[in-house]
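S.K.: Fold the following, please.
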Amino acid sequence: MKNIFLPIFSLLLIFSHPSMGVAQLPSYRAIAEELKVLQKQLVPDARVAILDIVLKDTLQPAAVLSGESDQPDAIAKISNWLTEKGIVFTDSVRLLPAAHLGDKGWALATLSVSNLRAQPGDASELVSQALMGTPMRVLDSRKGWVRVQTPDAYIGWMDDAGLQRLTADELDRWKGANRYFYHEISGFVYDAPGRNSDVVSDIVLGDLFEVTAEAGSFLQIKTPDGRSGYLPKSACLSWNRWSQQQPDGQTMVRTARQMMGTPYLWGGCSAKAADCSGFVKLLYYTQGIILARDASQQAQYGKVIDDTQISLFQTGDLLFFGKSAQRVTHVGFYLTDGYFIHSSGKVHISSIVPADPKYVPERNRVAVRRVVGAVGQKGITRVADHPWYSANP
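M.R.: Reported below is the predicted structural model:
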């Protein structure tokens, strides 16, 4: 939170009100602290919503309420709260999506993997990734960078080279297109139907694209930015087959084992590199399920399993680790017999059984959640039911 304390001499200007005497003036330090608390109450998770509001002294008869937010209801509540306290102010909050975006308020990720950063710049922290074909809401743009929100509600800045801006009608056309899902770990899109042809693009597990024709054992595809190429049929699943399947633990286990040794990357959620939550998120995405982005978020959803009773754990359960259930820092995908697979340094298998050589005593298990059986509940969404993906959610 930026500094919002006002000089003492201007408090008389800001808090003067016909019904108030100087003796009734509220403490500005108290107002500032209350404003912080109120914003946290209105938007408890800044990863999925924007509410960055400050009250500034301009040495004028009224203070200025400034900042930015994509939460109009929250802005209205803050305005009403300040008014009730007798504070005179001018509302200059910038509402997102930004007006300069025009009618292109949507986008599709166009690269096999596109990076989302905390701020608009290559040197900024990597916070997440978007796979090809991921639909995104556009919130803002600045000097070659676009602020987007992904289907799991996560917000970050993406280089505009990694996305295709769309109108709502254009997104609807994409949702009705003949889309396919790439279900191998990695591969290439070729410029002709043969593996010895030139490469158009790389492609990874989870990418979505249109299919325009068939050519023997290959499909002719079109990427979201209009590039044309060919992929083996055997590497692709139709939208209906992918989106309508029931999550299968053993299928995810096979995929997870194919990623053994894949490097850890903070903010990664692809088969190229992934952090702990990005890894389990990708496994469930192969089953047409969207999980929340971070481990601390994922730990809030799904069926609660008694974390002290290993005999109750099932393949596909998510094991959470940290200082407490309220301070989760790591997640793994349960296999069987006390083993789980996770991304830490690299994707590998560990054990929760103290006598096992793969046991890691530093991992303090604090919660277990079951996704299978909880699809459709908050934080666990089938792509077929997500309005950004599906024409008929």
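
S.K.: can I have the longest helix along the chain written out in CSV, keeping just the CAs?
M.R.: Ranked by number of residues, the top helix in the chain under DSSP state H is helix 28-42. Extracted in CSV, the C-alpha atoms of helix 28-42 (Å, rounded to 0.1, in the frame of the first residue of the first chain):
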residue,chain,number,x,y,z
TYR,A,28,-6.0,10.5,9.5
ARG,A,29,-3.7,7.8,10.6
ALA,A,30,-6.7,5.8,11.7
ILE,A,31,-8.5,6.5,8.4
ALA,A,32,-5.5,5.3,6.4
GLU,A,33,-5.3,2.1,8.4
GLU,A,34,-9.0,1.5,8.1
LEU,A,35,-8.8,2.0,4.4
LYS,A,36,-6.2,-0.7,4.1
VAL,A,37,-8.3,-3.1,6.2
LEU,A,38,-11.4,-2.3,4.1
GLN,A,39,-9.6,-3.0,0.8
LYS,A,40,-8.4,-6.3,2.2
GLN,A,41,-11.9,-7.2,3.2
LEU,A,42,-13.3,-6.3,-0.2
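
S.K.: Need the contact partners of the next helix or strand after it.
M.R.: Next along the chain after helix 28-42, taking DSSP states H and E as the criterion, comes strand 51-56. By C-beta atoms under 8 Å, 6 or more residues apart in numbering, the residues outside strand 51-56 that reach it are 1-2, 4, 6, 31-32, 35, 39, 42-43, 63-69, 71, 74-75, 78, 82, 87, 89, 93. For the C-beta atoms, the positions are set from N, CA and C on the backbone; glycine is no exception.

S.K.: ok, and the closest non-adjacent residue to the residue most central in space within the chain?
M.R.: Nearest to the mean C-alpha position of the chain, by C-alpha atoms, centre = their mean, lies residue 154 at 3.0 Å. Leaving aside its sequence neighbours, residue 154 sits nearest to residue 293 (C-beta to C-beta, 6 or more residues apart in numbering; 4.5 Å).

S.K.: Shouldn't the one you found be within a helix?
M.R.: No - secondary structure of residue 293 (DSSP: H, G, I helix; E, B strand; the rest coil): coil, not part of a helix.

S.K.: Quick one, grab the pLDDT at it.
M.R.: pLDDT for residue 293: 98.

S.K.: Then the one 4 residues further on?
M.R.: According to the predicted model, the pLDDT of residue 297 comes to 98.

S.K.: dump the residue contacts of it.
M.R.: Listed by C-beta under 8 Å, 6+ apart, the contact set of residue 297 reads 45, 47, 277, 379.

S.K.: re the thing from before, the residue nearest to the centre of the chain touches residue 127, doesn't it?
M.R.: Yes - using C-beta atoms under 8 Å, residue 154 is in contact with residue 127, at 7.3 Å.

S.K.: what's the distance between the closest residue to residue 62 other than its chain neighbours and residue 61?
M.R.: Spatial nearest neighbour of residue 62, excluding adjacent residues (C-beta to C-beta, 6+ apart): residue 88 at 4.5 Å. Distance, residue 88 to residue 61, using C-beta to C-beta, to the nearest Å: 7 Å.

S.K.: Also residue 357?
M.R.: From residue 357 over to residue 61 the distance is 72 Å, taken as C-beta to C-beta.

S.K.: How about residue 243?
M.R.: Taking C-beta to C-beta, one finds residue 243 at 58 Å from residue 61.

S.K.: Have a look at these two and say which one is more surrounded.
M.R.: A count of neighbours by other C-beta atoms under 10 Å puts residue 243 above the other of residue 243 and residue 61, at 20 against 11.

S.K.: Which residues are in contact with that one?
M.R.: Applying C-beta under 8 Å, 6+ apart, we find residue 243 in contact with 288, 382, 383, 384, 389, 390.

S.K.: Excluding chain neighbours, give the residue nearest to the fifth one in space.
M.R.: Setting aside the residues directly before and after it, residue 389 is nearest to residue 383 in space (C-beta to C-beta, 6+ apart), at 4.6 Å.

S.K.: So that neighbour sits against residue 291, correct?
M.R.: No - when contacts are counted by C-beta under 8 Å, residue 383 is not listed as touching residue 291 (11.5 Å).

S.K.: ok, the two, which is more surrounded?
M.R.: Neighbour comparison, residue 383 and residue 291: the larger count goes to residue 291, with 26 against 22 (by other C-beta under 10 Å).

S.K.: so the nearest residue to the more buried one once chain neighbours are set aside, which of the three states?
M.R.: In space, and not counting its chain neighbours, residue 291 is closest to residue 281: 4.7 Å by C-beta to C-beta, 6+ apart. Secondary structure, three-state DSSP: residue 281 is helix.

S.K.: OK, contacts around residue 281?
M.R.: Counting by C-beta under 8 Å, 6+ apart, residue 281 makes contact with 152, 269, 291, 292, 293, 298.

S.K.: Show me the helices in this structure, by range?
M.R.: 8-15, 28-42, 72-84, 168-175, 239-244, 249-258, 276-285, 295-298.

S.K.: and the second one, which residues are buried?
M.R.: The one in question is helix 28-42. Within helix 28-42, the residues that count as buried by 16 or more other C-beta atoms under 10 Å are 28, 31, 32, 35, 38, 39, 42.

S.K.: Provide the count of other residues in contact range of the closest residue to residue 252 other than its chain neighbours.
M.R.: Sequence neighbours aside, residue 283 is the residue nearest to residue 252 in space, at 4.5 Å (criterion: C-beta to C-beta, 6+ apart). A count of nearby residues for residue 283, using other C-beta under 10 Å, gives 26.

S.K.: any idea how far residue 283 lies from residue 337?
M.R.: Distance of residue 283 to residue 337, computed by C-beta to C-beta: 19 Å.

S.K.: where in this protein is pLDDT low?
M.R.: 1-29, 57-60 (pLDDT under 70).

S.K.: my guess is residue 143 contacts residue 120, does it?
M.R.: Yes - with contact defined as C-beta under 8 Å, residue 143 and residue 120 form a contacting pair (6.8 Å).

S.K.: between the two, who's got more neighbours?
M.R.: Higher neighbour count among residue 143 and residue 120: residue 120, with 19 against 7, using other C-beta under 10 Å.
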